[in-house]
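Engineer: Whatever this is, show me its structure:
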Amino acid sequence: QVQLVESGGGLVQAGGSLRLSCAASGHSLDSYTMAWFRQSPGEEREFVAAIKWSGTFTYYEDSVKGRFTISRDYTKNTVLLQMNSLKPEDTADYYCAADPDVRGRWFAQATYNYWGQGTQVTVSS
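Structural biologist: Below is the predicted model:
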């Protein structure tokens, strides 16, 4: 069983930056894929970025490529999402997810069995 706790959300002006953290505990993450999803009011949850814990692969949704960077900190068992050049359309609740058996479907929320409680990001124009 993996427990995930997100932090780092908040209010920022357009063009600004935020860094989200996802602290993982309860199980070794060696075989896991970690991901960030986001959900705006009235919208479905959508994929943002994913990373193999080994660091061999990273994946990004097209609208965040070049602005967001996903990484992991082995020493703290933490996955980070550095978000730069934020836009009002990035406003959403951001969720961390994890699973050991992604099988290439890193973009699908149904793939992930472990989820955090979410952290809110608001980008003002």
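
Engineer: Please identify which helix or strand holds the spatially most central residue of the chain.
Structural biologist: Nearest to the geometric centre of the chain sits W36, at 2.1 Å (Cα atoms, centre = their mean). Take DSSP states H and E as the rule and W36 turns out to sit in strand 33-39.

Engineer: Then H27?
Structural biologist: Using DSSP H and E, no helix or strand contains H27.

Engineer: Okay, and the beta partners of L11?
Structural biologist: Beta-bridge partners recorded for L11 (DSSP bridges): T122.

Engineer: hmm, back to that, mind listing what the strand holding W36 pairs with, with the direction of each?
Structural biologist: strand 46-52 (antiparallel), strand 92-99 (antiparallel).

Engineer: wouldn't the residue nearest to the centre of the chain be in contact with A97 here?
Structural biologist: Yes - between W36 and A97 there is a contact under Cβ atoms under 8 Å: 7.4 Å. All C-beta atoms are positioned from the backbone trio N, CA, C, and that covers glycine.

Engineer: who touches P100 in this structure?
Structural biologist: Shown in contact with P100 (Cβ atoms under 8 Å, 6 or more residues apart in numbering): 31-33.

Engineer: of those residues, closest to A23?
Structural biologist: Y32 (13.8 Å; Cβ to Cβ).

Engineer: Was I right to think that closest one contacts W53?
Structural biologist: Yes - at 4.8 Å, Y32 counts as touching W53 under the criterion of Cβ under 8 Å.

Engineer: Looking at these two, which has the bigger crowd around it?
Structural biologist: Y32 (24 against 19; other Cβ atoms under 10 Å).

Engineer: Need the pLDDT of that one.
Structural biologist: Note for Y32: predicted pLDDT of 93.
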